[in-house]
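K.L.:
Model the structure of this input:
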Amino acid sequence: MAWFKTINGRGISNDLQAVPMEAAEPPSLQQNFPRVADLESIYSQEEQVVEVIFADEFDTDEVIVQFDEFHHESNSPLLSEIENAPELHPAAALEVESDDPGLNEIINSSFNHMGQGDWTQAAQILQAASTMNINHPQILNNLGLSILQNALELDENGDTLASSQYEAAIMALRQAAKLDSTNDTILLNLSHALLVSGRVEKAHGVISVICGRTPDFLQAANLMGACLIQMGQNNAAREVLMPHSGDAIVAANIARL
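P.N.:
This next block holds a predicted model:
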């Protein structure tokens, strides 16, 4: 897993450390992925935005988390538009382990671009991987993370394309969560994307699942607190945040109350 430092409390920077994380391999991965990665054609793309389209073919009977409900228009201001908005911990990229040299070449290239802060190129590379008949939640998580960072940078510059990129990031992370609804890191990233894009109630719904099953998860508790702050529930936010007040980001959010 790789964590990325936060830009203005909302995004990810180009400082990264990779930490191995156990991840289930998808079936028949080596049979479906080409042995030689066509990176040259991927690098030739110059689009500023990345379009993500998924067929909604997964029938997820998740009782607690109904992922189909999360794909909605923003009903609140973007976090960047809110004065003194709460700070968030970094989103996290997941390690992708495989014996397939073609997949490894693409994944290594995407991490190199992440490390250089070239989020558009990283997203284009990861989208190429995700469309090669590979329903791989870790790849989709990293794709969503890269698109999210691109959205944050566009948002920072006042670019109207940011909205569509937030939407694309949510779609990728939502698909990853459908494939692996037990992965708290993916759900955390999904709730992060929902919150910064103004979908506060949807973010609260996702983060509630993580906090319910992993109550000591610091980053999840902070994001829950941020949601509650944005929902005007300051007393509830303080109750959630206080047990983690030794963390600098959490302490800064408590000071906002």
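
K.L.:
Residue 144 - how many residues pack around it?
P.N.:
The number of residues packed near residue 144 is 31, by other C-beta atoms under 10 Å. Placement of C-beta: from N, CA and C, glycine included.

K.L.:
Wait, it touches residue 189, no?
P.N.:
Yes - with contact defined as C-beta atoms under 8 Å, residue 144 counts as touching residue 189 (6.4 Å).

K.L.:
who touches both of those two?
P.N.:
The contact sets of residue 144 and residue 189 overlap at residue 173 (C-beta atoms under 8 Å, 6 or more residues apart in numbering).

K.L.:
all strands of the stretch 51-200 of the chain, in order?
P.N.:
Taking DSSP state E, counting those that start in this stretch to define them, one finds strands in the stretch 51-200 of the chain at 92-93.

K.L.:
Show me where the stretch 51-200 of the chain dips below the pLDDT cut-off.
P.N.:
51-83, 133 (pLDDT under 70).

K.L.:
One more pass at 50, please.
P.N.:
For the stretch 51-200 of the chain, the stretches with pLDDT under 50 are 53-74, 80.

K.L.:
Let me see the ranges of the helices in it.
P.N.:
Taking DSSP state H, counting those that start in this stretch, the helices of the stretch 51-200 of the chain run over residues 101-115, 119-130, 137-156, 162-179, 184-196, 200-213.

K.L.:
With distance to residue 256 as extra columns, can I get those in a markdown table?
P.N.:
Output for those, formatted as a markdown table (distance: least, C-beta to C-beta, whole Å):
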| stretch | distance to residue 256 |
| --- | --- |
| helix 101-115 | 30 |
| helix 119-130 | 28 |
| helix 137-156 | 20 |
| helix 162-179 | 23 |
| helix 184-196 | 15 |
| helix 200-213 | 16 |
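
K.L.:
Quick one: closest of the ones you listed to residue 249.
P.N.:
The closest of those to residue 249 is helix 184-196. By C-beta to C-beta, the value is 12.8 Å.

K.L.:
And the closest one, what does it pack against?
P.N.:
Counting contacts by 3 or more C-beta pairs under 8 Å, 6 or more residues apart in numbering; DSSP states H and E, helix 184-196 is packed against strand 92-93, helix 137-156, helix 162-179, helix 200-213, helix 218-230.

K.L.:
I'm done for today, thanks for sticking with me.
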